[in-house]
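Chemist: just the structure for this:
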Amino acid sequence: MKTLRNIGIATLFIVALGLAGHADRTNEIVNSLNPHVYELIKGLGHDTDSEIAKEYMAHKEYYDTLSDKNLW
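Modeler: Numbers count the residues shown, from 1 in each chain. Reported below is the predicted structural model:
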């Protein structure tokens, strides 16, 4: 029974680390975005920072090109 409890605790710890890592990565991406790119992606219907980061990473070259050319 003690071993099962330890396995459960270890599993919860690993899951917590994974969630924290995802949140840190999302914040890093969103905080580095040009404000215009952030608003453009948000205007496409991506409401959460996680969705915005996912959309940006899926089309990074496109959004970076817009940002580099200052097409605002």
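Chemist: CA only for contacts and neighbour counts going forward, please
Modeler: Fine.
Chemist: quick one: stretch 32-40 to chain centroid distance?
Modeler: 14 Å (C-alpha atoms, centre = their mean, to the nearest Å).
Chemist: which residues are in contact with that stretch?
Modeler: V30, I52, Y63, L66, S67, W72 (C-alpha atoms under 8 Å, 6 or more residues apart in numbering).
Chemist: state the mean pLDDT of it.
Modeler: Averaging pLDDT along stretch 32-40 gives 94.
Chemist: picking that back up, I'd like the contacts of stretch 32-40 as CSV, with secondary structure, neighbour count and distance to G18 appended.
Modeler: Shown next, in CSV, are these (DSSP: H, G, I helix; E, B strand; the rest coil; neighbours: other C-alpha atoms under 10 Å; distance: C-alpha to C-alpha, whole Å):
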residue, secondary structure, neighbour count, distance to G18
V30, helix, 18, 18
I52, helix, 24, 19
Y63, helix, 21, 27
L66, helix, 15, 32
S67, helix, 16, 31
W72, coil, 7, 37
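Chemist: and those residues as TSV, adding distance to V15?
Modeler: Shown next, in TSV, are those (distance: C-alpha to C-alpha, whole Å):
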residue	distance to V15
V30	23
I52	23
Y63	32
L66	37
S67	35
W72	41
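Chemist: list the buried residues in stretch 2-17.
Modeler: By neighbour count on 16 or more other C-alpha atoms under 10 Å, the buried set for stretch 2-17 is empty.
Chemist: what's the answer for stretch 29-42, then?
Modeler: Those would be I29, V30, L33, N34, V37, Y38, I41, K42, for stretch 29-42 by 16+ other C-alpha under 10 Å.
Chemist: K54 is in contact with the second one, correct?
Modeler: Which is V30. No: applying C-alpha atoms under 8 Å, one finds V30 not in contact with K54, separated by 9.8 Å.
Chemist: that older thread, for the buried residues of stretch 29-42, which one is nearest H59?
Modeler: Nearest to H59 among these, counting by C-alpha to C-alpha, is I41 at 10.5 Å.
Chemist: quick one: contacts for that closest one?
Modeler: Counting by C-alpha under 8 Å, 6+ apart, I41 makes contact with I52, E55, Y56.
Chemist: the residue nearest the centre of the chain and K69: what is the separation?
Modeler: Residue closest to the mean C-alpha point of the chain, counted by C-alpha atoms, centre = their mean, is T26 at 2.5 Å. Distance of T26 to K69, given as C-alpha to C-alpha, to the nearest Å: 25 Å.
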